[in-house]
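1. structure for the following, please:
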Amino acid sequence: MTCKSLDAISLEVFRNALESVVDESFVALMKSAYSSNIKERRDHSVAIFDSSGRLVAQAKQSLPIHLGSLGGLIRALIDAVPFASMQAGDIFVGNDPYAAGGTHLPDLNFAMPVFCGEKVVCFVCNIAHHSDFGGMSPGSMAGGMTEIYQEGLRVPAVRLYRGGHLVEDVLSLLLLNTRVHEERHGDLLAQTAACRLGARRFAELLSVYDLDTVLDGFDELIRRTEQRLRSAIEGIPDGVYTFEDVVDDDGAGSTGIPIRLTATVAGNRLHLDFTGSSPQVRGNVNCTASATQSAVGYAVKALLDPDAPNNQGAFDAVQWVAPPGSIVNARYPGAVAHRAQTVQRIIDVILGALSKALPERAVGAANGANTTAVFSGIRPDTGTQYVYLETLGGGFGARATKDGKDGVQVHITNTSNLPVEVIESEYPLYVESYSLVPDSGGAGMWRGGLGLRRVIRPLRHSCTFSGSGERFVHSPWGIFGGHAGKPGSFFLRRPDGGTVRLPNKPAGIAISDGEAVILTTPGAGGYGSPSARPAERSVQDYISGKFSREFLERAYGVDLEPQPEEQI
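-> Numbers count the residues shown, from 1 in each chain. Below is the predicted model:
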């Protein structure tokens, strides 16, 4: 069945009109937010869902990990709130992974119904990662949390605005449970403004297209995307493909936590089965089904058809199974704050399994982490609390035709790295150094990307440091003979210059004036045998300063001429 109202060209115009709504809303949220995590790092997303809960369009810069969470809120909202009780101007908010379809508590989801007459046509939604949303540790993201109640304020799908009017009691409750009230208030208002802008822009579309045309357009966009993905699946040789990888640890005693996948391809059908993966763990690296859905949708689309529209069709083209009570489908009250670490590993196993069928599209393991750093303390000049949260990039894996990328966010977390100038202007912190990590990319015919290193210390005060690292024990693997990348680490540097290795998922480490935290993120795996890499590429790697002469001679067997500065 094809769209009754729109021909192919008109449908493409309609699709771009929808995307312009969410793209403009994305920028509005970014430009009006208070926190550096949103206005600078762009840790937010915007999307439109139809009245049945299907994803229709998302902003181009949205984070793939947010899509499952946004969809989860809409499904929870549809189940909990009758359409007849909704009215124009309502805005709903929620974050809970078990009651509101979220993936972790710092991500607050907003949804605003858009009406045509008395009918709910769609929901304009956004999500933003708040740098603190309560819980036992500043930033709501420390290691060692063992149940959802420790991670922050749990919010079901509730009205923040009713008929366009703020529900003051709800806002007061939200702000009372956060550490940096003014920043949270500003970010919540930015999300509100983005919802309202999106709703206005969609109403303008309804003045151009009649309701039947809009609803038919939704159906056709989703149908065509699913068809595109299924056609791409047909290009995979039929068979059963397996892969296994591990999460380093959960911060609460479990180590080497396995994630297993069996991928079955038959014609235009792809079935992913995570049976055999670890039961959910005590620590906060568990994933809810919403988070795993995001990983599956991203990995399959990125591998098979990156240019396909981002809508429900990409999800509907793939079937997947994740046993309830497992690390990839956790049950209440499992801790989930660092679910992104495990989501990265889910993507690794999907790409690893299908690399056997699609070697030309395979990549070496990326840094495979969402390396998190949270510094919190009292500002020495004002006496007010601050919370600086960032997730740092690392290496991206080598591909069949090119080297991996250096120092980037990978896969489902396409945020930016916070500029040093922003850190030092907004927080009482000093960034002593910010650099790539030499020799951290795995050797290969194409080499893996490099990790990042930052050295940060508090100025004229003491603070606490919490974090979460992955690929700190198990290195990012290479592929087809490529070597593994270098793992990451956290170190504390004492005033005398000595260093102490910190846990992979530290919580509340006291950092005094004169001490510094050394943050090192993982590199990435190489592709193909190092012996196949042309010598001139090794020379360029050496000249760039990204790799040492010793590394290159050992990994590739090349004989590099010393540079002038080495001869002095």
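2. from now on I want contacts and neighbour counts done on CA atoms only, so please keep to that.
-> Noted.
3. what about D169, distance to L175?
-> Distance of D169 to L175, computed by Cα to Cα, to the nearest Å: 10 Å.
4. repeat for T192
-> In terms of Cα to Cα, T192 sits 15 Å off from L175.
5. the two - which one has more neighbours?
-> T192 (23 against 18; other Cα atoms under 10 Å).
6. low-confidence ranges, the protein, go.
-> Within the chain, the segments meeting pLDDT under 70 span 1-4, 562-568.
7. mind jotting down where the helices sit in it?
-> Counting by DSSP state H, the chain has helices at residues 8-32, 36-39, 64-80, 168-176, 181-206, 211-234, 289-304, 312-316, 339-354, 420-426, 535-544, 549-556, 564-567.
8. which one, of the ones you listed, ends up nearest to R282?
-> Nearest of the helices of the chain to R282, taken as Cα to Cα: helix 339-354 at 12.6 Å.
9. chain center to the closest one: distance?
-> Its chain's C-alpha centre and that of helix 339-354 lie 12 Å apart, by Cα atoms, centre = their mean, to the nearest Å.
10. again, but for stretch 8-26
-> With Cα atoms, centre = their mean, you get 24 Å for stretch 8-26.
11. now it: buried residues?
-> Neighbour counts over stretch 8-26 (16 or more other Cα atoms under 10 Å) mark 11, 14-15, 17-26 as buried.
12. just stretch 182-189 next, same as before
-> Buried, per 16+ other Cα under 10 Å, within stretch 182-189: E183, R184, H185, D187, L188, L189.
13. what is the nearest of those residues to G143?
-> Closest approach to G143 among these (Cα to Cα): R184, at 22.5 Å.
14. check contacts around the closest one.
-> R184 makes contacts with Y34, S35, H130, L175, T178, as judged by Cα atoms under 8 Å, 6 or more residues apart in numbering.
15. not counting residues beside it along the chain, what's closest to the most centrally placed residue in the chain?
-> Centroid-nearest residue in the chain: T413, 2.8 Å away (criterion: Cα atoms, centre = their mean). Closest residue to T413 apart from its sequence neighbours, by Cα to Cα, 6 or more residues apart in numbering: L63 at 5.7 Å.
16. my guess is that neighbour meets N414, correct?
-> Yes: L63 lies in contact with N414 (Cα atoms under 8 Å); the separation is 5.9 Å.
17. looking at those two, which has the bigger crowd around it?
-> Ranked by neighbour count (other Cα under 10 Å), L63 and N414 place L63 first, with 22 against 18.
18. so how far is G297 from the more buried one?
-> From L63 to G297 the distance is 12 Å (Cα to Cα).
19. ok, A291 next?
-> According to Cα to Cα, A291 and G297 sit 10 Å apart.
20. of these two, which one has the most company?
-> Set A291 next to G297 and count neighbours by other Cα under 10 Å: A291 wins out with 30 against 24.
21. tell me the contacts of that one?
-> I65, H66, G68, S69, T103, R339, V343.
22. ok, now M145?
-> M145 sits next to E151, G251, A252, R282, G283, N284, A335 when contact means Cα under 8 Å, 6+ apart.
23. related to what we said a few turns ago, which among the buried residues of stretch 8-26 gets closest to S52?
-> L18 (17.3 Å).
24. chain neighbours aside, what residue packs nearest to the closest one?
-> In this structure, L18 finds its nearest non-sequential neighbour in A57, 6.5 Å apart by Cα to Cα, 6+ apart.
25. I figured that neighbour hits V22, correct?
-> Yes: counting by Cα under 8 Å, V22 is a contact partner of A57 at 7.4 Å.
26. give me the residues contacting stretch 254-268.
-> Applying Cα under 8 Å, 6+ apart, the external contacts of stretch 254-268 come out as 230-234, 236-249, 270-278, 281-283, 345-346, 349-350, 353-354.
27. number of nearby residues for T415?
-> Look at T415: counted by other Cα under 10 Å, it has 23 neighbours.
28. got the contact list for it?
-> Each residue near T415 by Cα under 8 Å, 6+ apart is listed here: R41, R42, D43, L63, Q409.
29. tabulate these (JSON lines), appending distance to A76.
-> Shown next, in JSON lines, are the contacts of T415 (distance: Cα to Cα, whole Å):
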{"residue": "R41", "distance to A76": "28"}
{"residue": "R42", "distance to A76": "26"}
{"residue": "D43", "distance to A76": "23"}
{"residue": "L63", "distance to A76": "21"}
{"residue": "Q409", "distance to A76": "30"}
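30. among those, name the ones in strands.
-> Counting by DSSP state E, no part of those is found in strands.
31. N311: which of those residues is nearest?
-> Checking those against N311 by Cα to Cα gives L63 as the nearest, at 13.4 Å.
32. against V517, how distant is that closest one?
-> Counting by Cα to Cα, the gap from L63 to V517 is 28 Å.
33. excluding its backbone neighbours, what's nearest F243?
-> A353 (4.9 Å).
34. over to E226?
-> Leaving aside its sequence neighbours, E226 sits nearest to G313 (Cα to Cα, 6+ apart; 4.0 Å).
35. what sits against the one you found?
-> Taking Cα under 8 Å, 6+ apart, one finds L221, I222, R223, R224, T225, E226, Q227, L229 in contact with G313.
36. now those as CSV including neighbour count?
-> Shown next, in CSV, are these (neighbours: other Cα atoms under 10 Å):
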residue, neighbour count
L221, 24
I222, 23
R223, 20
R224, 16
T225, 22
E226, 22
Q227, 17
L229, 24
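37. before we move on, the earlier item: dump the contacts of M145 to TSV, plus neighbour count.
-> Supplementary listing: the contacts of M145 in TSV, determined by neighbours: other Cα under 10 Å:
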residue	neighbour count
E151	28
G251	24
A252	16
R282	21
G283	23
N284	33
A335	29
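38. let's have these in a markdown table, adding distance to L73.
-> As requested, the contacts of M145 are exported to a markdown table (distance: Cα to Cα, whole Å):
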| residue | distance to L73 |
| --- | --- |
| E151 | 19 |
| G251 | 28 |
| A252 | 29 |
| R282 | 25 |
| G283 | 24 |
| N284 | 21 |
| A335 | 19 |
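39. which among these gets closest to G444?
-> Of all those, G251 has the smallest distance to G444: 32.5 Å, by Cα to Cα.
40. return the residues in contact with that closest one.
-> G143, G144, M145, G283, N284, N504, K505, P506.
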